[in-house]
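> Okay, structure incoming, though there's no sequence with it:
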């Protein structure tokens, strides 16, 4: 470790993690990614690493190499450990199509067969963004990530995405990988005294942020909220970094909204809006206005939500020439119109204002999402054959090509919705149990798993299997309470009440009424759209 003493503390901490990874990983395949903007720093770090592990083979990928796997295999048919450098020479920007990255993505399953050894890919930040977007399969099997980024004149511009894909990283890890990553991050944070070594502060903030993102995705919202409020926010306030403070407050507002604390979320978003206004950051202010509109729409205040979309968001994106954000906002307007039953205009927007933009930009994922929204409208209008065709021939192939297993599972669920609507409950139930549930369990996506369990119970109710449905609802409710999903709790309570009434036992009536009253009170308090239907059911019971 003496070779590490001349580095800044932040570099030393991350370098120690790489050395530990190599020490324990020799002889078995594992894939790593090292982010470093400076070639000089990268080369210096590799020299230090090879002092401890001289068996590491460094492979420089020539510019314009398409088949990276083929090049490495031809020149280095075996190696105890591989460091791949220079790949960024074949990547012009995160947005431009890269044949090299597509080829790397296609070769994902070949590496472990040929090389039972650690493989570390070194890239600058802009190329990491490109890898994440264009090589989703390869990205998903990267199990170790190291960060040595340093601003450099020869680094290409970063992506403007302030969230840096952390959510995407989280959903692509399996449940066990998420737990391993949480353990790793906690170990790093425990080993660093940020107060004593101020240079470690930025590293610690990134680690806390990733840790909170993982907890949020896995449904442990209390811990995610604690990290944002107690670990990150005080540091940004002390440093006076208003932009980062506002972004963190926005993540807190997201959790509050998810838990049904919409008044508190709106207060935070108003404060965030003011911060961006004071900073003169018109784009971030517009994004915040969009988050406010999301909550208002959820609460049924569609007139004000529509006004914000049209008067506060759209003009900003038009002025900035941000065609993608404009298209996304038009889609949110279509959401509102669809919610209000104006399906003709909503469909026109989808087909004329959204789809052509995403096709022109080559944004496969956004195009797939928009096709799904078109299928939603067709389904709402009773055109289930057309909706099913879009799900199977447009959405599913896109998500399979992108390697987005979660979006694929969600789409399978939408197909099951249509089949259930058409009375094909056997196939709908099979999809829920075999195509959705295992994916969400593997990803550790607690909320999506819970929603799927609820839909399985709903099918069982329609088939008259009331006892089994009630068993699932009872199992489901504590899960929804633990993740703080108030809307789903309301739905679960309401469905439990309806199932009890359908069973027809005299003693169930009082319990059913208790569940339905709770659901109604929650729906009215938070202005959920289901309030009217619940009110009608309760009133009919009280007769």
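Yes, it's here. Quick caveat, the model's predicted, so the values are computed rather than measured.
> residue ranges for the helices of the stretch 1-150 of the chain, please.
9-25, 39-52, 68-75, 99-106, 111-114, 125-134, 136-140 (DSSP state H, counting those that start in this stretch).
> just the angle between the longest one and helix 39-52, please?
Put simply, helix 9-25 runs at 40 degrees to helix 39-52, going by axes from the mean of the first three to the mean of the last three C-alpha atoms, to 10 degrees.
> Check the fourth one too.
Taking the same axes, to 10 degrees, one finds helix 99-106 and helix 39-52 inclined to each other by 40 degrees.
> can you tell me the average pLDDT over helix 99-106?
Here helix 99-106 scores 83 as its mean pLDDT.
> for the fifth one, same thing?
Helix 111-114 comes out with an average pLDDT of 89.
> what do you get for the third one?
Helix 68-75 shows a mean pLDDT of 90 in the predicted model.
> Report the buried residues of it.
68, 69, 72, 73 (16 or more other C-beta atoms under 10 Å). For the C-beta atoms, the positions are set from N, CA and C on the backbone; glycine is no exception.
> ok, and the closest non-adjacent residue to the first one?
Taking C-beta to C-beta, 6 or more residues apart in numbering, and ignoring the residues beside it in sequence, residue 68 has residue 104 as its nearest neighbour in space, at 5.1 Å.
> What is the neighbour count of the one you found?
By other C-beta atoms under 10 Å, the residues close to residue 104 number 27.
> Hmm, residue 69 and it touching each other?
Yes: contact criterion C-beta atoms under 8 Å: residue 104 and residue 69 qualify, at 7.2 Å.
> next structured bit after the lowest-mean-pLDDT helix or strand in the chain?
Using mean pLDDT, DSSP states H and E, the weakest-scoring helix or strand in the chain turns out to be helix 166-172, at a mean of 53. Next along the chain after helix 166-172, taking DSSP states H and E as the criterion, comes helix 175-190.
> Could you list every helix and strand in contact with that next one?
Packing partners of helix 175-190 (3 or more C-beta pairs under 8 Å, 6 or more residues apart in numbering; DSSP states H and E): helix 9-25, helix 201-218, helix 437-443.
> Let's see that with 6 Å instead.
helix 201-218 (3 or more C-beta pairs under 6 Å, 6 or more residues apart in numbering; DSSP states H and E).
> hang on, the earlier thing: please convert the helices of the stretch 1-150 of the chain to JSON lines, extending it with distance to residue 529.
Shown next, in JSON lines, are these (distance: least, C-beta to C-beta, whole Å):
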{"stretch": "helix 9-25", "distance to residue 529": "48"}
{"stretch": "helix 39-52", "distance to residue 529": "53"}
{"stretch": "helix 68-75", "distance to residue 529": "50"}
{"stretch": "helix 99-106", "distance to residue 529": "41"}
{"stretch": "helix 111-114", "distance to residue 529": "48"}
{"stretch": "helix 125-134", "distance to residue 529": "35"}
{"stretch": "helix 136-140", "distance to residue 529": "34"}
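> Go through those and pick out the most buried.
Burial of the helices of the stretch 1-150 of the chain is given as mean neighbour count (mean count of other C-beta atoms under 10 Å); helix 125-134 ranks first at a mean of 24.
> Tell me which other helices or strands the helix or strand harbouring residue 371 touches.
According to DSSP H and E, residue 371 maps onto helix 364-380. When contacts are defined as 3+ C-beta pairs under 6 Å, 6+ apart, helix 364-380 sits against helix 343-349, helix 355-361, helix 384-390, helix 396-402.
> at 8 Å instead, please
helix 323-339, helix 343-349, helix 355-361, helix 384-390, helix 396-402, helix 405-421.
> Going by mean pLDDT, which of those helices comes out lowest?
Among the helices and strands packed on helix 364-380, helix 396-402 carries the lowest mean pLDDT (a mean of 85).
> got the buried residues for that one?
Under 16+ other C-beta under 10 Å, the buried positions of helix 396-402 are 396, 398, 399, 402.
> if I read this right, the first one contacts residue 411, doesn't it?
Yes: look at residue 396 against residue 411 with C-beta under 8 Å: they come within range, at 5.6 Å.
> so what are the domain limits for this structure?
Here the domain assignment for the chain is 1-159, 447-543, based on automatic domain parsing.
> Dump these to TSV, plus distance to residue 223.
TSV is the format used below for the domains of the chain (distance: least, C-beta to C-beta, whole Å):
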stretch	distance to residue 223
domain 1-159	21
domain 447-543	12
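> I'd like to know which of the ones you listed is closest to residue 386.
domain 447-543 (22.4 Å; C-beta to C-beta).
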